[in-house]
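# Sequence first, predicted model second:
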Amino acid sequence: MTTELATPGEESAATSTILTIADAGEALRSGTTTSVELTTAMLEKATALNPALGAYVEITSDLALEQAEAADAAFSAGSDAGPLQGIPLAIKDIIKVAGVPTTANSRILDPAWGGEADAPVVARLRAAGSVFIGKSTTSEFALGQPDAEKGFPVPHNPWDVTRTPAGSSSGTGVATAAGLAFGGLGTDTGGSVRGPATVNGHSGLKVTFGRVPKAGVVPLGYSLDSIGPMARSAYDCALLLQVMAGYDAADPNAADVPVPSYTAALDGSVEGVKIGLPIPYFFDHDQLDPEVRDGVLSAVQALVGLGATSTEMELAHADKAQHANALILVGEAYAYHRNNMVQRWTTYGKYTRPGLVRGMFYTAADFVQANRFRVLWCEQVAKALQTYDVLITPSAPTTAQVAADMNPSQRLRQPSYTGQWNLSGLPAICIPTGFSSEGLPLSMQIIGKPFAEATVLKIADAYQRITDHHLQVPPVDALITTAA
Amino acid sequence: MHSIEEQFEKQLDQALESNGLTPLPEDRAALLKAFTTGREQAALVFSVAEARYEEPDLIFSASLS
């Protein structure tokens, strides 16, 4: 098969310049555009770019247009279900959507698995009038890295297709950055919302454990999993979370905690906010890219300029917290997958097999000690958050790595700054802080107290009101190809 | 006296056999790396948790929220 460059799909001037959910909502309500117009433009772009970017396992055109028509009809009838009505979104393909198979990017599941009903979080988005553009790619069972041999699309970073888009919520991250959705759902067990947000140059929020019900999602680590919003801006993440959050009895881990108004907190002010900067490991590691570190420190200075204060501090054993999270994660994952691994070893991808089977190599004592360590870590972080409103760290030690150079065992030996917050169950948002000398997105992470999503969103939003890094669009039109 | 690598290989084989897993020959190098890294990770976590044996109530008393 050969490919040739084609003319990008025609978009109206109105739809091509709308970047955020908030702006799309304004355009829909002012009559500048319609949901069908927005959805059609995104479907065309997603179809044209999916061979190059691998954002979607399945593009659900019929469903999306049906939802868009319903949203427009509701607007015409004076019915408004809120800011997500008529907004095209991507749903990670380990989350159930009624009428559409959920594959988890694996040949293990029955090909029709998951189509019987919406996951509660998807049902909430559907009731809010959202439009589902498609099921977005993930690493197999949200673990490991893409394996082209299994026949699923391999996701690529839209800023440089030779680079990783990170995982496991790769597709939602790529779709959001490339304009193939205004945002969507990811899941995060060790950084799977925040990693793609980091390297694809947009915002991604890992919520407090239990904040969003996770029934209807293929589990990875039972005590660590969360579903989080991914979108260009923190404000858009707040709009998504407003619909996603809240108790549901179908998830035994769902927290019955009141849901505040997230957007009401976003007033641009950080006056008096106390920021802790945990220096050891997060800022002084020899594998931390200086451009990443400097980007974070510049962003913190910008927040200080808005009235926040920052203080260098220390969290002991941050490296071991990352290891403890990984240990518990794969232990819980292996418990879920053991029978299939025994019976259907080769049906799993070549990168998933060694990743999952690590759970077998740990002993019961290892698992107990990791959970004892978890208590120590949680106590230490809780104490720090009595002094500081938030902690800020780099989101990752480097910019997006060259995909061909990555290997799973090497990754385990590199520093990582996200799993610590799954271990402690805390909310954490990653947002862009600029671009590296190679033109790749830089990012910082803001960590808050339990159920203080409003605080981390408020700080992220304040920063994004004085910067436009999150509004930069990767040059993807040149990637549009047609099969000859 | 067996080297650490030989001990890990033996433990890997025992773990695979006792769990009824039959990996492909080409998986072996990746499995050995995963096993070795896993043992290293566990040892690091163990080193901290072990020092707190006087606090048995630590286990599963974590408040996540």
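Right, received. Where do you want to start? Numbering: from 1, shown residues only, chains lettered A, B, ... in the order given.

# quick one: the strands in the stretch 151-300 of chain A?
Listed from the start of the chain, the stretch 151-300 of chain A has strands (DSSP state E, counting those that start in this stretch) covering A:183-188, A:203-206, A:226-231, A:274-278.

# okay, those strands in TSV with mean neighbour count and mean pLDDT next?
Quick note: C-beta positions are derived from backbone N, CA and C, even for glycine. Below are those laid out as TSV (neighbours: other Cβ atoms under 10 Å in any protein chain shown; pLDDT from 0 to 100):
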stretch	mean neighbour count	mean pLDDT
strand A:183-188	30	98
strand A:203-206	32	98
strand A:226-231	30	98
strand A:274-278	19	98
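
# Report the contact partners of the spatially most central residue of chain B.
With distances taken as Cα atoms, centre = their mean, the residue of chain B nearest its centroid is residue B:39 (3.8 Å). Contact analysis of residue B:39 by Cβ atoms under 8 Å, 6 or more residues apart in numbering or on different chains lists A:361, B:8.

# In three-state terms, label it for me.
Secondary structure assignment for residue B:39 (DSSP: H, G, I helix; E, B strand; the rest coil): helix.

# okay, and for chain A, where does confidence drop off?
With pLDDT under 70 as the threshold, chain A has low-confidence stretches at A:1-15, A:408-412, A:481-484.

# got the contact list for the one residue in the stretch 51-200 of chain A that gets nearest to chain B?
Of the residues in the stretch 51-200 of chain A, the one nearest chain B is residue A:144, at a distance of 10.6 Å by Cβ to the nearest Cβ. With contacts defined as Cβ under 8 Å, 6+ apart, residue A:144 is in contact with A:167, A:349, A:351, A:352, A:355, A:408.

# ok, the first one touching residue A:193?
No. Residue A:167 sits out of contact with residue A:193 when judged by Cβ atoms under 8 Å, with a separation of 10.4 Å.

# More neighbours: those two, which one.
For residue A:167 and residue A:193, the more surrounded residue by other Cβ atoms under 10 Å in any protein chain shown is residue A:193, and the numbers stand at 33 against 25.

# what separates the more buried one from residue A:237, distance-wise?
When Cβ to Cβ, to the nearest Å is applied, the distance between residue A:193 and residue A:237 equals 10 Å.

# Mutual contacts of these two, please.
Counting by Cβ under 8 Å, 6+ apart, the residues touching both residue A:193 and residue A:237 are A:204, A:205, A:229, A:230.

# Tell me the one among the residues you listed nearest to chain B.
Checking the shared contacts of residue A:193 and residue A:237 against chain B by Cβ to the nearest Cβ gives residue A:205 as the nearest, at 16.5 Å.

# At which residues are the helices of chain B located?
In chain B, helices defined by DSSP state H lie at B:4-18, B:28-50, listed in chain order.

# Enumerate the residues of the stretch 101-250 of chain A near chain B.
By the criterion of Cβ under 8 Å from any Cβ of the partner chain, the positions of the stretch 101-250 of chain A lying close to chain B are A:208, A:209, A:210.

# Make a markdown table out of those residues and add neighbour count.
Conversion of these to a markdown table gives the following (neighbours: other Cβ atoms under 10 Å in any protein chain shown):
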| residue | neighbour count |
| --- | --- |
| A:208 | 24 |
| A:209 | 25 |
| A:210 | 21 |
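
# Residue 20: how many residues sit nearby?
As the question left the chain open, I've gone with chain A. Residue A:20 is surrounded by 19 other residues when neighbours are defined as other Cβ under 10 Å.

# wrong one, I was asking about chain B
By other Cβ under 10 Å, the residues close to residue B:20 number 11.

# From chain A, how far out is it?
If you measure residue B:20 against chain A using Cβ to the nearest Cβ, to the nearest Å, the figure is 5 Å.

# ok, now which ones touch that residue?
With contact taken as Cβ under 8 Å, 6+ apart, residue B:20 is in contact with residue A:342.

# Dead centre of chain A: give me the residue that sits there.
Relative to the mean C-alpha position of chain A, the nearest C-alpha, by Cα atoms, centre = their mean, is the one of residue A:193, at 2.4 Å.

# check contacts around that one.
Neighbour list for residue A:193: A:169, A:186, A:187, A:204, A:205, A:206, A:226, A:228, A:229, A:230, A:430 [criterion: Cβ under 8 Å, 6+ apart].

# buried ones in whichever strand or helix holds residue A:37?
Assessed by DSSP states H and E, residue A:37 sits inside helix A:35-53. By 16 or more other Cβ atoms under 10 Å in any protein chain shown, the buried positions in helix A:35-53 come out as A:35-50, A:52-53.

# Centre of the chain to that helix, how far?
A distance of 20 Å separates the C-alpha centroid of helix A:35-53 from that of its chain, computed with Cα atoms, centre = their mean, to the nearest Å.

# how about it as PDB, C-alpha atoms only?
Once side chains and other backbone atoms are set aside, the C-alpha atoms of helix A:35-53 remain, and they are given as PDB (Å, rounded to 0.1, in the frame of the first residue of the first chain):
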ATOM      1  CA  SER A  35     -23.100  20.000  17.400                       C
ATOM      2  CA  VAL A  36     -23.600  18.300  14.000                       C
ATOM      3  CA  GLU A  37     -21.200  20.700  12.400                       C
ATOM      4  CA  LEU A  38     -18.600  20.300  15.200                       C
ATOM      5  CA  THR A  39     -19.000  16.500  15.300                       C
ATOM      6  CA  THR A  40     -18.800  16.100  11.500                       C
ATOM      7  CA  ALA A  41     -15.600  18.100  11.400                       C
ATOM      8  CA  MET A  42     -14.000  16.000  14.200                       C
ATOM      9  CA  LEU A  43     -15.200  12.800  12.700                       C
ATOM     10  CA  GLU A  44     -13.600  13.700   9.300                       C
ATOM     11  CA  LYS A  45     -10.400  14.800  11.000                       C
ATOM     12  CA  ALA A  46     -10.300  11.700  13.200                       C
ATOM     13  CA  THR A  47     -10.900   9.400  10.200                       C
ATOM     14  CA  ALA A  48      -8.200  11.200   8.100                       C
ATOM     15  CA  LEU A  49      -5.600  11.200  10.900                       C
ATOM     16  CA  ASN A  50      -6.200   7.900  12.600                       C
ATOM     17  CA  PRO A  51      -3.800   6.000  10.200                       C
ATOM     18  CA  ALA A  52      -1.000   8.300  11.300                       C
ATOM     19  CA  LEU A  53      -1.900   9.000  14.900                       C
END
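
# helix or strand right after that helix?
Proceeding C-terminally, helix A:35-53 gives way to strand A:56-59 as the next helix or strand, assigned by DSSP H and E.

# Off-centre distance for that following strand?
Once both centres are worked out by Cα atoms, centre = their mean, strand A:56-59 turns out to sit 17 Å from its chain's centre.

# Show me what it is packed up against.
helix A:35-53, strand A:131-136, helix A:170-178 (3 or more Cβ pairs under 8 Å, 6 or more residues apart in numbering or on different chains; DSSP states H and E).
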